[in-house]
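Visitor: model this:
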Amino acid sequence: PSRFSTTAAGDLVEENADVAASFVGDWLTKPRAEELDLAPDEATVLREGSSVRGVYRDDGGDHHVVSAICPHMGCLVEWNDGDRTWDCPCHGSRFDYEGGVIDGPAVEDLPSSADGTD
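Guide: A predicted model of the protein is given here:
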């Protein structure tokens, strides 16, 4: 019990506020999918109605579309250009360009558009 400090409690509140702000902000600001114009090896997150998709265009010109909603707690993933992964800013889950889990806490893949889920 003596390890608890008010400083640590303040840090915990601040970190959780940052996660909440990221969660709400992402849901309100993601661009709509009116025109998809990605160069090879580029990706973006697009909103189509209530659906939010991560779209990656590979070097061959094929598009790989996954749900942009992290299965861990529902935050929206972001594209990491350096590692070419979908990363969740809330808790650090990482997924390959096809949505496969690389690192948790997520234990489920991002559904692909072929799954018909968001």
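Visitor: okay, the nearest residue to Asp59 once chain neighbours are set aside: pLDDT?
Guide: Leaving aside its chain neighbours, Asp59 sits nearest to Pro40 (4.9 Å; criterion: Cβ to Cβ, 6 or more residues apart in numbering). Using the backbone N, CA and C atoms, a C-beta is placed for each residue, glycine as well. Model confidence at Pro40, expressed as pLDDT, equals 92.
Visitor: neighbours around Pro40, how many?
Guide: The local packing of Pro40 (other Cβ atoms under 10 Å) involves 10 other residues.
Visitor: got the contact list for it?
Guide: Contact criterion Cβ atoms under 8 Å, 6 or more residues apart in numbering gives 57-61 as the residues in contact with Pro40.
Visitor: Of the residues you listed, just say which sits nearest to Cys90.
Guide: For the contacts of Pro40, the minimum distance to Cys90 (Cβ to Cβ) is 25.6 Å, reached by Arg57.
Visitor: rewinding a little: least confident of the contacts of Pro40?
Guide: Confidence-wise, Gly61 trails the rest of those, at 89.
Visitor: Just the buried ones out of the contacts of Pro40, please.
Guide: 57-58 (16 or more other Cβ atoms under 10 Å).
Visitor: So which residues make contact with stretch 82-100?
Guide: By Cβ under 8 Å, 6+ apart, the residues outside stretch 82-100 that reach it are 19, 22-23, 26, 41, 43, 54, 56, 58, 64, 66-68, 70, 72-73, 75-80, 101-106, 109-112.
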